[in-house]
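Q: fold the stuff below for me.
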Amino acid sequence: MNDKVLIAEDDLRQAEVLRMYLRAEGYEVFVVHDGRAAIDTVRRLRPQLLVLDVMMPKVDGLDVARVLRQETSMPMLMLTARTSEDDLLLGLDLGADDYMTKPYSPRELTARIRTLLRRVQRAAPQEDGVLRAGRITVDPVRHEVRTGGRLVDCTPGEFTVLATMAAEPGRVFTRQQLLERTRGWDTMPTARTIDMYIMNLRKKLEADPRRPKHLTTVHGIGYKMTADPADDTWATPAPAPATDGG
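A: Have a look, this model is predicted:
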């Protein structure tokens with residue numbers, strides 16, 4: 001069955017161009033032109049992905065993302081004419097998985113959609129519940145992290161950050177999103193806390209922590225995990241001491 005993609009875009013011409021490109025890629029495409037219709041259509045059709053314009057009538061795209069993220073983990077790619085860093089961070093914090101600023105290339109947008117859908121397929125839960133990203137495995141039940149088969153000692157905060165990112169390789173997480181996941185593991189959590197967790201994880205997992213290839217920084221936004229199953233550059237260090245009291 002072809003993946004269903006919903007386009008929520010009030011510019012009729014742009015919507016039709018996207019419909020043409022996505023249909024040529026084999027997707028089943030649906031189009032709506034306001035935020036209220038986007039929410040209703042997602043609830044009715046359960047598409048595999050939503051392309052969501054920020055500035056739409058009735059309900060704007062940010063509110064659509066806020067509502068839908070409480071109901072579904074479906075990937076959302078946000079389109080915006082707003083180019084300030086604060087606007088982009090807000091969209092990501094509300095649950096968007098990716099964004100493109102206008103004007104954009106329909107071919108690039110189609111490629112981003114393919115990437116998001118592949119990521120969702122790769123992130124499907126394993127039968128044993130273990131998260132796998134390249135040579136790293138995260139076992140939420142046993143609370144264990146291994147790289148190349150070797151057990152790696154992680155504090156509770158580090159484990160939570162790593163498990164969050166390993167569940168969705170390739171997704172960009174803002175510091176605020178990671179901070180929300182780790183509340184309770186640090187007495188005074190801040191964005192700097194997340195930076196510390198990432199720094200410690202790089203020391204434990206990267207072959208060269210100064211030049212990370214897997215726990216990478218997306219400047220101005222946050223962090224993402226990149227994991228190629230064929231890549232052999234994860235480190236296999238001896239267990240390191242805890243650093244956050246956990």
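Q: now residue 207: how far from residue 144?
A: 21 Å (CB to CB, to the nearest Å). Every C-beta, even on glycine, is put in place using the N, C-alpha and C of the backbone.
Q: repeat for residue 88
A: Taken as CB to CB, the span from residue 88 to residue 144 is 35 Å.
Q: for the spatially most central residue of the chain, list the residues it contacts.
A: By CA atoms, centre = their mean, the mean C-alpha position of the chain lies nearest to residue 171, the distance being 2.8 Å. Each residue near residue 171 by CB atoms under 8 Å, 6 or more residues apart in numbering is listed here: 97, 119, 165, 224, 225.
Q: if you set the cut-off to 10 Å instead, what comes out?
A: 75, 92, 97-98, 116, 119-120, 123, 164-165, 177, 222-225 (CB atoms under 10 Å, 6 or more residues apart in numbering).
Q: sitting in helices, which of those do you find?
A: 92, 116, 119, 120, 164, 165, 177 (DSSP state H).
Q: for the residues you listed, which one is nearest residue 80?
A: residue 92 (11.1 Å; CB to CB).
Q: ok, back up a step: select from the contacts of residue 171 the one having the most neighbours.
A: When neighbours are counted by other CB atoms under 10 Å, residue 165 leads these with 28 neighbours.
Q: what about stretch 40-50, start to end distance?
A: One end of stretch 40-50 to the other measures 12 Å (CA to CA, to the nearest Å).
Q: tell me which strands and helices the least confident helix or strand in the chain by mean pLDDT is in contact with?
A: None of the helices or strands of the chain scores lower by mean pLDDT, DSSP states H and E than helix 85-93, at a mean of 73. Counting contacts by 3 or more CB pairs under 10 Å, 6 or more residues apart in numbering; DSSP states H and E, helix 85-93 packs against helix 61-69, strand 76-80, strand 98-101, strand 173-174, helix 175-182, strand 222-225.
Q: let's see that with 6 Å instead.
A: Helices and strands touching helix 85-93, by 3 or more CB pairs under 6 Å, 6 or more residues apart in numbering; DSSP states H and E, are strand 173-174.
Q: what's the strand it packs on packed up against?
A: helix 85-93, strand 222-225.
Q: pull out the buried positions in the least confident helix or strand of the chain.
A: 87, 88, 89, 90, 91, 92, 93 (16 or more other CB atoms under 10 Å).
Q: likewise for stretch 98-117?
A: 98, 99, 109, 110, 112, 113, 116, 117.
Q: run the chain-centre distance for that stretch.
A: 14 Å (CA atoms, centre = their mean, to the nearest Å).
Q: same check, this time on stretch 200-217
A: 19 Å.
Q: same question for stretch 154-163.
A: On CA atoms, centre = their mean, the centre of stretch 154-163 falls 17 Å from that of its chain.
Q: on the three-state scheme, the residue lying closest to residue 35 once chain neighbours are set aside is what?
A: Using CB to CB, 6 or more residues apart in numbering and skipping residues adjacent in sequence, the residue nearest residue 35 is residue 59, 2.9 Å away. With DSSP: H, G, I helix; E, B strand; the rest coil as the basis, residue 59 sits in coil.
Q: ok, residue 59 - how many residues close by?
A: Residue 59: 17 neighbours (other CB under 10 Å).
Q: so it sits right up against residue 33, yeah?
A: No: contact status for residue 59 versus residue 33: not in contact, 11.8 Å apart, counting by CB atoms under 6 Å.
Q: the closest residue to residue 72 other than its chain neighbours sits in which helix or strand?
A: Distances taken as CB to CB, 6+ apart place residue 42 nearest to residue 72, at 6.9 Å, with adjacent residues excluded. Residue 42 is located in helix 35-45, with elements delineated by DSSP states H and E.
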